[in-house]
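Visitor: Okay, sequence plus prediction incoming.
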Amino acid sequence: PEIMIDCIICTRRWHQICALRLDQIWPEGFICNTCIREYNIKRKENRYIAQQCVFTT
């Protein structure tokens, strides 16, 4: 069985992997993209995205 998480605003359930959710990155709770757009919510930037990783050669 897959781990499910709930949006803290609308309570929709998401697979944790589909939501790209980690407690270490978003400790305040999960807010789905629908609620972020609908309620114009601003959240802290995820600094662990691939575009911000250091590349080596």
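Guide: Right, received. Where do you want to start? Just so it is clear, the structure is predicted and the values come from calculations on it, not from any experiment. Residues are numbered from 1 along each chain as shown.
Visitor: What number of residues are in the vicinity of Phe30?
Guide: Residue neighbour count, defined by other C-beta atoms under 10 Å, stands at 19 for Phe30. C-beta: built from backbone N, CA, C; applies to glycine.
Visitor: Verify the stated contact: it with Asp6.
Guide: Yes. Here Phe30 reaches Asp6: they are 7.0 Å apart, a contact under C-beta atoms under 8 Å.
Visitor: Name the residues contacting each of these two.
Guide: Common neighbours of Phe30 and Asp6 (criterion: C-beta atoms under 8 Å, 6 or more residues apart in numbering): Trp14.
Visitor: Pick out the residue closest to the middle of the chain.
Guide: Against the mean C-alpha coordinate of the chain, by C-alpha atoms, centre = their mean, the closest residue is Arg21 at 4.4 Å.
Visitor: Please name the nearest non-neighbouring residue to it.
Guide: Excluding the flanking residues, the one nearest Arg21 by C-beta to C-beta, 6 or more residues apart in numbering is Phe30, at 5.1 Å.
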